[in-house]
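> Quick one, structure for this:
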Amino acid sequence: MQRFIREVALWRDERHQLIQLHYKKQELYAVHGERINKAKLAQASRDEVQYLEYEEWDAVRYVDERISSIVTDRLIRQSVKHGVPIPDRDTKEYWQYAENEDRRVLTTKGAAFLRHQIAKEREIMRSPIIHWGGLGISVLSLIIAIIALIKSGSQAQ
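Predicted structure coming up:
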């Protein structure tokens with residue numbers, strides 16, 4: 001039970017961090033976009049505008065890398081829990097280096113691949129339960145119907 005509570009608390013904390021990071025990203029786009037637009041309206045030099053665009057890109061990249069790090073940690077935990085193999089970290093298709101996090105994180109394609117593999121494994125684990133659950137409900141319905149039939153037959157006599 002404690003493990004379940006720990007997992008729910010961790011999920012809640014990560015979810016809260018992700019929401020805050022998405023708000024921060026929107027805020028960065030708004031603030032930097034306004035600065036870039038002001039510079040363009042003031043007919044600033046091309047270099048100044050490019051510098052402002054680079055500042056925006058760098059600030060947003062930091063937030064994106066933090067989001068990728070949280071998502072990567074979550075997917076790795078889930079894949080270990082469900083016994084799904086994690087792609088080789090040297091595969092550039094699935095992994096990228098996050099400078100600000102100083103570690104490798106999953107790319108968008110890598111995260112989608114791992115999510116798909118986890119979902120397939122969950123489906124494999126659930127299918128027997130769903131099959132036997134449906135069978136159990138049918139048997140229970142049959143027993144209830146037989147009991148109701150016996151009771152109605154005994155009341156008629």
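
> use CA for all of it now, contacts and neighbours both
Noted.

> List the residue ranges of this protein that fall below the pLDDT cut-off.
156-157 (pLDDT under 70).

> the helices in it, which residues?
With DSSP state H as the criterion, the chain has helices at 2-41, 46-82, 108-156.

> Can you name every helix or strand that the first one contacts?
Read that as helix 2-41. Here helix 2-41 touches helix 46-82, going by 3 or more CA pairs under 8 Å, 6 or more residues apart in numbering; DSSP states H and E.

> what packs against the helix it packs on?
Applying 3+ CA pairs under 8 Å, 6+ apart, we find helix 46-82 packed against helix 2-41, strand 103-106, helix 108-156.

> tell me the angle of it relative to helix 2-41?
170 degrees (axes from the mean of the first three to the mean of the last three CA atoms, to 10 degrees).

> how far off helix 108-156 does helix 46-82 point, in degrees?
Orientation check (the same axes, to 10 degrees): helix 46-82 against helix 108-156 gives 40 degrees.

> Now helix 46-82: buried residues?
49, 52-53, 56, 59-72, 75-76, 78-79 (16 or more other CA atoms under 10 Å).

> in the chain, which residue is closest to the centre?
Taking CA atoms, centre = their mean as the criterion, residue 71 is the residue nearest the geometric centre of the chain, at 6.0 Å.

> Contact partners for that residue?
Contacts for residue 71 (CA atoms under 8 Å, 6 or more residues apart in numbering) come out as residue 111.

> any idea how far it lies from residue 64?
Distance of residue 71 to residue 64, computed by CA to CA, to the nearest Å: 10 Å.

> And residue 96, by the same measure?
For residue 96, the distance to residue 64 equals 12 Å [CA to CA].
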